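Student: My questions concern the predicted model and sequence given below.
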Amino acid sequence: GDSVTQMEGPVTLSEEAFLTINCTYTATGYPSLFWYVQYPGEGLQLLLKATKADDKGSNKGFEATYRKETTSFHLEKGSVQVSDSAVYFCALSQGGSEKLVFGKGMKLTVNP
Amino acid sequence: EAQVTQNPRYLITVTGKKLTVTCSQNMNHEYMSWYRQDPGLGLRQIYYSMNVEVTDKGDVPEGYKVSRKEKRNFPLILESPSPNQTSLYFCASSPWDRVDGYTFGSGTRLTVV
């Protein structure tokens, strides 16, 4: 079945550091790909998405590019802030599928 | 404001005492789903519903029931809770095609003692 593998962490960075969170997927067909963020004590929020190969999703300084050749959707941010401390989930959805398939999540802590 | 509302946010209960976690969405979404989140296991789908009166099992349905009598509501029922159902639960909704992902509720932290 479909699956998502992502870095699990936890990861601690200093403010203004560069962030990469790796995400690879296994799926038949052409899934849509998502990054969700979960701030402490809150539900998951959609951070960005891409629906076809070579699409780049971006939001709040985060970016991820849908790479079909490497089945990857790595999340990047050039300069993290303390407010980016959260758990980040990579996910995919197949057309006609009944669910989002999530990676296990990665906890990021950013220190001042 | 478009949102998914879950209640309660926190619940401590005893083994065997029936409980219901409510979920309501105001976006006229056809699709609704329940997930549980556990450390090291990520999010796992419990049940989902494609529309009113249409529900089906997800990956971990044992010990849970759901109903979809109205489009906006999708309650999660634990008829006889057990300690292994201690978890963080999320309700989510989406338009029927799900291509833009889901909108999640804020979560319900359930502890069964």
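Tutor: Nice, I can see it.
Student: So which residues of the chain form strands?
Tutor: Here I'm looking at chain A. Along chain A, counting by DSSP state E, strands occupy A:3-6, A:11-14, A:19-21, A:23-26, A:32-38, A:44-50, A:56-59, A:62-65, A:75-77, A:86-93, A:101-102, A:106-111.
Student: looking at chain B here, not the other one
Tutor: B:4-7, B:10-13, B:19-25, B:31-38, B:42-51, B:54-57, B:65-66, B:76-78, B:87-94, B:103-104, B:108-112.
Student: can you tell which of these is closest to A:C23?
Tutor: strand B:42-51 (12.5 Å; C-beta to C-beta). Just so you know, the C-beta spots here come from the backbone N, C-alpha and C atoms, and that holds for glycine as well.
Student: can you dump the C-alpha coordinates of that closest one into PDB?
Tutor: Extracted in PDB, the C-alpha atoms of strand B:42-51 (Å, rounded to 0.1, in the frame of the first residue of the first chain):
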ATOM      1  CA  GLY B  42       1.900   8.900  13.800                       C
ATOM      2  CA  LEU B  43      -1.700   9.300  12.800                       C
ATOM      3  CA  ARG B  44      -3.900   6.300  12.000                       C
ATOM      4  CA  GLN B  45      -7.400   6.500  10.500                       C
ATOM      5  CA  ILE B  46     -10.200   5.000  12.600                       C
ATOM      6  CA  TYR B  47     -13.300   5.600  10.500                       C
ATOM      7  CA  TYR B  48     -14.400   7.800   7.700                       C
ATOM      8  CA  SER B  49     -17.600   8.900   6.000                       C
ATOM      9  CA  MET B  50     -18.000   9.800   2.400                       C
ATOM     10  CA  ASN B  51     -21.400  11.400   3.000                       C
END
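Student: Taking strand A:44-50 as reference, get the angle to it.
Tutor: Inter-element angle recorded for strand B:42-51 and strand A:44-50: 80 degrees (by axes from the mean of the first three to the mean of the last three C-alpha atoms, to 10 degrees).
Student: between the strands of chain A, which gets the lowest average pLDDT?
Tutor: In terms of average pLDDT, strand A:101-102 trails the rest of the strands of chain A, at a mean of 90.
Student: close to chain B, is that strand?
Tutor: Yes. Using C-beta under 8 Å from any C-beta of the partner chain, strand A:101-102 reaches chain B at A:F102.
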